[in-house]
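Asks: Pasted the sequence and its predicted model underneath.
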Amino acid sequence: MLGFLSMVDDYLAALFMNPEQQNKGYRKQLLNFIKKQRTQIQLKVYKKNEKAIHFYKFRMVL
C-alpha cells in the first residue's frame, strides 16, 4: 500500500504514506484528489510537526 487519506465529513482526519513511498509526490496526489471532491476541508496539525505544517501550508488553498 502506498498510503491512505481519511475524511470525516469535511475534516481531514488522516493522511499517511508508507515511509518507502514518501517524497515521491503521492501525498500531493491524494490531497489534490480530495480537494476536487470537496468544497471545504478542515484539518489540524501539531505545532511541532514542522514538515506537516510546511506541506499543508502550500497545498490547502482550495
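Replies: Done, it's in.
Asks: Every contact and neighbour count from this point should use C-alpha atoms.
Replies: OK.
Asks: How much space separates Ile41 from Ser6?
Replies: When distance is defined by Cα to Cα, to the nearest Å, Ile41 is 12 Å away from Ser6.
Asks: Those two: which has the busier surroundings?
Replies: Applying other Cα atoms under 10 Å to Ile41 and Ser6 shows that Ile41 carries more neighbours, namely 17 against 12.
Asks: residue contacts, that one?
Replies: Contact partners of Ile41, counting by Cα atoms under 8 Å, 6 or more residues apart in numbering, are Asp10, Tyr11, Leu12, Lys35.
Asks: Mind checking what helix or strand follows the lengthiest helix in the chain in sequence?
Replies: What stands out as the longest helix in the chain, according to DSSP state H, is helix 26-37. Later in the chain than helix 26-37, the nearest helix or strand by DSSP states H and E is helix 50-57.
Asks: Dump the helix or strand bottoming out on mean pLDDT in the chain to CSV, keeping only the CA atoms.
Replies: Counting by mean pLDDT, DSSP states H and E, the chain has its least confident helix or strand at helix 50-57, which shows a mean of 84. What follows is helix 50-57, C-alpha atoms only, in CSV (Å, rounded to 0.1, in the frame of the first residue of the first chain):
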residue,chain,number,x,y,z
GLU,A,50,7.0,21.5,11.0
LYS,A,51,7.2,19.1,8.0
ALA,A,52,3.4,18.7,8.0
ILE,A,53,2.8,22.4,8.5
HIS,A,54,5.0,23.2,5.5
PHE,A,55,3.3,20.5,3.4
TYR,A,56,-0.2,21.7,4.1
LYS,A,57,0.5,25.4,4.2
